[in-house]
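Novice: Prediction below, plus the sequence it came from.
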Amino acid sequence: MTEQKRCGWCGTDEDYVAYHDNVWGKPNYDSQDLYAKLCLDGQQAGLSWITILRKQKNYEAAFAQFEPAKIALFDDAKVEELMQNVGIVRNRLKIQSIIKNAKACEAMKAQGINFSEFLWSFVGGQPKINHFKTLKEVPAQTPESEAMSKALKKLGFSFVGPTICYAFMQAVGMVNDHLIDCPAR
């Protein structure tokens, strides 16, 4: 019998291990949670996930608990205030992307489009179970993440490239990329 061990990307850091064991890869169908996670994955661009993970509570406080209807009302003065918040990544484009994404999310809602159903449609509404043995086998993006990225950009979202979309899909359980020996699988 093969010894089970966690996916190698999480290492031994306490925050990473807890995230890996309790959040990553667990199917999530809640529209607000999905909006939050998509935005947080966009904040990761050019950084390590642990940086954003450790700032997640600060992001929640700064961005109205990721309620799109509230964030869509943020104005230039609020952006300037957020630029001074040392608890988040103070990158103007990334801050503005959360607001832009909230507006796009609200526009979808106004058109009667359920955000969760829209996102999950890229995997047919249920998790895609992969069977990778090593981290080297796990792709950085897939045709599904490319399609999601293209569709989100068309709707006005930003910081949603195909690699960010695939990381998002992994995190919210749209794809199960826990390695076959991982106990969280």
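Specialist: It's in. Numbers count the residues shown, from 1 in each chain.

Novice: quick one: Asn176 from Ala62, how far?
Specialist: For Asn176, the distance to Ala62 equals 31 Å [CB to CB, to the nearest Å]. Placement of C-beta: from N, CA and C, glycine included.

Novice: go on, Ala72?
Specialist: Distance from Ala72 to Ala62, by CB to CB: 15 Å.

Novice: Would you double-check that Ser121 falls in a helix?
Specialist: Yes: counting by DSSP: H, G, I helix; E, B strand; the rest coil, Ser121 falls inside a helix.

Novice: what number of residues lie near it?
Specialist: 14 (other CB atoms under 10 Å).

Novice: One more: Phe118?
Specialist: 17.

Novice: Use 355 as the first number for this chain going forward.
Specialist: Yes, from this point I'll number from 355; that puts the last item at Phe472.

Novice: residues of the helix or strand encompassing it that come out buried?
Specialist: Using DSSP states H and E, Phe472 sits within helix 469-474. Using 16 or more other CB atoms under 10 Å as the test for burial, helix 469-474 gives 469-470, 472-474.

Novice: just stretch 403-422 next, same as before
Specialist: Buried residues in stretch 403-422, counted by 16+ other CB under 10 Å: 403, 406-407, 409-410, 413, 416-417, 420, 422.

Novice: where along the chain do the strands fall?
Specialist: Applying DSSP state E to the chain gives strands spanning 482-483, 529-530.

Novice: In CSV: the ones you listed, plus mean pLDDT.
Specialist: Formatted as CSV, the strands of the chain follow (pLDDT from 0 to 100):
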stretch, mean pLDDT
strand 482-483, 96
strand 529-530, 96
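
Novice: With Leu392 as the reference, name the closest of those strands.
Specialist: With CB to CB as the criterion, Leu392 lies closest to strand 529-530 of those, at 14.7 Å.

Novice: List the pairing partners of the closest one within its sheet, with orientation.
Specialist: According to DSSP bridges, strand 529-530 has the following sheet partners: strand 482-483 (parallel).

Novice: coming back round to it: ok, which of the strands of the chain comes nearest Gly379?
Specialist: strand 529-530 (5.4 Å).
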